[in-house]
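K.L.:
Curious how this folds, go ahead:
(one chain, ligands or ions: 2)
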Amino acid sequence: MSQKTVRLTMAQAVARFLTRQMTIIDGKRVPIFGGVFAIFGHGNVAGVGEALYAVRETLPTYRAQNEQGMANAAIAFAKASFRRRFMACTSSIGPGALNMVTSAALAHVNRLPVLFLPGDVFANRRPDPVLQQVEGFGDGTISANDCFRPVSRYFDRITRPEQIIPALRRAMQVLTDPADCGPVTLSLCQDVQAEAYDYPESFFDEKVWVPRRIEPDLDELASAIATLKAAKKPIIIAGGGVLYSEATAELKDFAEKHGIPVVETQAGKSALPHSHPLNMGSVGVTGTSAANRLAEEADVVLAVGSRLQDFTTGSWALFKNDELKIIGLNVQPFDAGKHDGQPLISDARTGLNRMSGGLGGYKADASWTEKARAGKAEWLEAADKATATTNATLPSDAQVIGAVQRARGGRKTTLVCAAGGLPGELHKLWQAEEPGGYHMEYGFSTMGYEVAGGLGVKLAKPDSDVIVMVGDGSYMMLNSEIASSIMLGAKFTIVLLDNAGYGCINRLQMETGGANFNNLLRDTHHVELPQIDFAAHAAAMGAVTRKVGSIPELEAALAETAGETRTTVIVIDTDPLITTETGGHWWDVAVPEVSDREQVKVAREGYEKALQSQRFG
Ligand SMILES: Cc1ncc(C[n+]2csc(CCOP(=O)(O)OP(=O)(O)O)c2C)c(N)n1
Ligand SMILES: [Mg+2]
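P.N.:
Ligands and ions are numbered 1, 2, ... in the order given. Purely as a prediction, here's the structure:
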């Protein structure tokens with residue numbers, strides 16, 4: 001057999017292949033790669049750089065400021081696209097590559113697709129050791145990029161140009177597989193990037209990827225239906241899988257038809273509109289009182305597309321019903337069987353439809369649904385109080401959330417956040433009205449995700465008003481993609497809550513009996529307390545900025561800057577000690593067993609008591 005071939009370098013083959021991968025969105029064929037984020041160095045500029053230049057009209061390359069920042073933006077792009085589209089990120093070797101490892105872990109935890117293309121050392125080893133090469137004394141095959149292995153769903157090192165053929169095929173398989181989805185790392189040896197090979201032309205044929213919808217196994221389906229039919233007090237936990245499966249309409253129908261209240265995880269929030277009567281809101285450690293009360297009593301939990309992480313399960317102390325049964329409706333068996341869950345391996349949309357068909361006229365007890373409605377009314381009153389306006393000089397995070405919520409009016413918005421005290425407050429209080437309107441990275445809760453994430457979300461959803469809420473600590477950790485957003489004309493609004501330190505960790509420290517130490521700036525070892533002028537800092541990168549002194553001023557600044565075309569940063573000082581007391585649940589954070597501090601001893605006593613309500617296994 002004689003295949004037609006084309007002579008290309010390995011890097012040129014990668015670039016060309018990426019341009020030929022397509023998907024269908026709203027009936028239209030579009031490239032599945034939204035672009036490439038790139039920071040060049042000697043490890044990728046000559047090979048990958050030259051190749052990307054040649055395809056820049058079909059596959060745009062974006063220059064970022066920091067490899068972790070660009071990777072976080074790429075991941076946010078994929079999350080905001082419900083995993084239907086994604087991006088690639090290329091870096092040099094050594095530090096550039098390692099800057100992306102945190103992001104690889106973030107994508108791995110959150111099951112989000114991203115293609116990492118770090119440069120690697122010379123496969124031929126002639127110039128060894130090259131600049132930035134990690135030399136393993138006992139292993140000649142080690143390079144810095146081996147750090148990607150535990151945080152990649154698929155890792156490959158390309159040491160011959162033809163290896164890229166099976167490697168890219170496998171990469172696409174993983175990136176588009178709903179169950180295995182996650183980061184792929186193809187480590188591209190520098191010399192091999194530049195090496196030519198006669199690639200089969202068919203390798204570059206256009207390929208269209210559409211999401212696979214896995215049908216449930218009939219036995220598993222029958223058991224899941226039987227379990228739910230016997231339930232008197234069922235709840236549905238809506239996880240991120242509901243959004244990724246685009247199953248929100250089916251979830252709504254299912255909940256309504258069978259009278260089952262829905263509670264939402266951080267990744268699943270916005271699966272149902274906030275205003276839907278059966279949406280009890282957030283569940284678990286940062287849950288509403290309405291959701292958590294139902295979760296405590298529930299006899300059947302239908303977990304749809306959830307990893308059931310500790311914040312969702314209240315470290316497995318939330319569910320108090322001795323007869324509790326969990327049905328794990330998930331594309332991934334690893335998640336479906338967690339905590340003795342009864343697996344229902346299926347796409348969320350398909351699984352809900354099939355289950356609903358089998359449930360027929362089943363409806364949860366009317367008293368249960370009524371209890372849900374009453375609990376929600378009570379919660380909404382508490383939430384309104386927490387978010388009401390104030391003239392306080394140092395408002396709470398909740399009051400800032402209220403202001404942002406009022407200022408967005410009826411506009412299509414996407415709220416972006418990741419770490420600090422805000423995720424808990426937003427999980428409880430943000431009123432998301434459309435799927436994906438709440439974008440929280442709380443699988444890895446990576447400080448520094450917020451600003452970069454805002455950029456990725458805006459690239460994915462140019463028609464949405466993107467609002468990033470971020471603490472001073474997280475902003476300090478990674479903010480430089482503000483400059484990229486100005487370069488790309490990708491406007492978003494950043495509301496920066498400055499409580500002069502790590503407010504949430506300081507509170508956690510106090511709750512676990514610790515002394516106020518090394519979290520708030522005032523409690524740190526210092527010669528002088530920094531007075532950080534965040535507005536001036538962001539303005540130096542080209543942002544429109546405001547420093548406001550109160551909640552009414554914040555609302556006015558949000559209204560006044562709504563029409564700005566450049567990324568806008570609005571800074572407000574907040575109180576580091578106040579959080580929304582209502583709702584919430586214990587979280588397992590291990591308290592020292594022995595200590596000289598009386599407060600630690602007291603905290604340990606409480607801790608040991610709390611451990612008794614933890615379910616194990
Ligand atoms: C990269 C990273 N480092 C450390 C942490 C642990 N951590 C979680 S929240 C937090 C403090 C966040 O401070 P800030 O952004 O100001 O929010 P605040 O707690 O004040 O609301 C820290 C250190 C983390 N989540 N991510
Ligand atoms: Mg802070």
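K.L.:
which residues of the stretch 351-500 of the chain score low on pLDDT?
P.N.:
For the stretch 351-500 of the chain, not a single residue meets the criterion pLDDT under 70.
K.L.:
contacting residues for the closest residue to ligand 2 within the stretch 151-300 of the chain?
P.N.:
Of the residues in the stretch 151-300 of the chain, the one nearest ligand 2 is Thr286, at a distance of 17.0 Å by C-beta to the ion. Just so you know, the C-beta spots here come from the backbone N, C-alpha and C atoms, and that holds for glycine as well. With contact taken as C-beta atoms under 8 Å, 6 or more residues apart in numbering, Thr286 is in contact with Gln266, Phe311, Pro423, Gly424, Glu425, His427, Lys428, Gly583, Gly584.
K.L.:
Turn those into CSV, columns for neighbour count and distance to ligand 2.
P.N.:
Below are the contacts of Thr286 laid out as CSV (neighbours: other C-beta atoms under 10 Å; distance: C-beta to the ion, whole Å):
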residue, neighbour count, distance to ligand 2
Gln266, 27, 19
Phe311, 23, 19
Pro423, 23, 13
Gly424, 23, 13
Glu425, 26, 12
His427, 26, 17
Lys428, 27, 18
Gly583, 26, 21
Gly584, 19, 19
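K.L.:
JSON lines for those residues, including secondary structure?
P.N.:
Converted to JSON lines, the contacts of Thr286 look like this (DSSP: H, G, I helix; E, B strand; the rest coil):
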{"residue": "Gln266", "secondary structure": "coil"}
{"residue": "Phe311", "secondary structure": "helix"}
{"residue": "Pro423", "secondary structure": "helix"}
{"residue": "Gly424", "secondary structure": "helix"}
{"residue": "Glu425", "secondary structure": "helix"}
{"residue": "His427", "secondary structure": "helix"}
{"residue": "Lys428", "secondary structure": "helix"}
{"residue": "Gly583", "secondary structure": "coil"}
{"residue": "Gly584", "secondary structure": "coil"}
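K.L.:
would you list the residues you listed in TSV and tack on distance to ligand 1?
P.N.:
As requested, the contacts of Thr286 are exported to TSV (distance: C-beta to the nearest ligand atom, whole Å):
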residue	distance to ligand 1
Gln266	13
Phe311	13
Pro423	9
Gly424	9
Glu425	9
His427	13
Lys428	14
Gly583	17
Gly584	15
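K.L.:
for the stretch 201-350 of the chain, what spans make up the strands?
P.N.:
For the stretch 201-350 of the chain, the strands identified by DSSP state E, counting those that start in this stretch occupy 207-209, 234-238, 262-264, 279-282, 300-304, 325-330, 342-345, in order along the chain.
K.L.:
What strands line up against the fifth one, and which way round?
P.N.:
Using DSSP bridges, the strands paired with strand 300-304 are strand 234-238 (parallel), strand 325-330 (parallel).
K.L.:
Other residues contacting that strand?
P.N.:
Residues from elsewhere that reach strand 300-304, judged by C-beta under 8 Å, 6+ apart: 224, 227-228, 230-231, 233-239, 241-242, 247, 251, 260, 268, 295, 319, 324-330, 341, 348, 351-352.
K.L.:
ok, back up a step: mind checking which of the strands of the stretch 201-350 of the chain is nearest Val404?
P.N.:
Val404 lies closest to strand 279-282 among those, at 17.2 Å (C-beta to C-beta).
K.L.:
Can you name every helix or strand that that closest one contacts?
P.N.:
For strand 279-282, the contact count by 3 or more C-beta pairs under 8 Å, 6 or more residues apart in numbering; DSSP states H and E identifies strand 262-264, helix 289-297, helix 366-387, helix 422-429 as packing neighbours.
K.L.:
if we can go back for a sec, can you redo the strands paired with strand 300-304 as TSV with mean neighbour count and distance to Thr393?
P.N.:
Formatted as TSV, the entries for these read as follows, by neighbours: other C-beta atoms under 10 Å; distance: least, C-beta to C-beta, whole Å:
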stretch	mean neighbour count	distance to Thr393
strand 234-238	29	39
strand 325-330	27	47
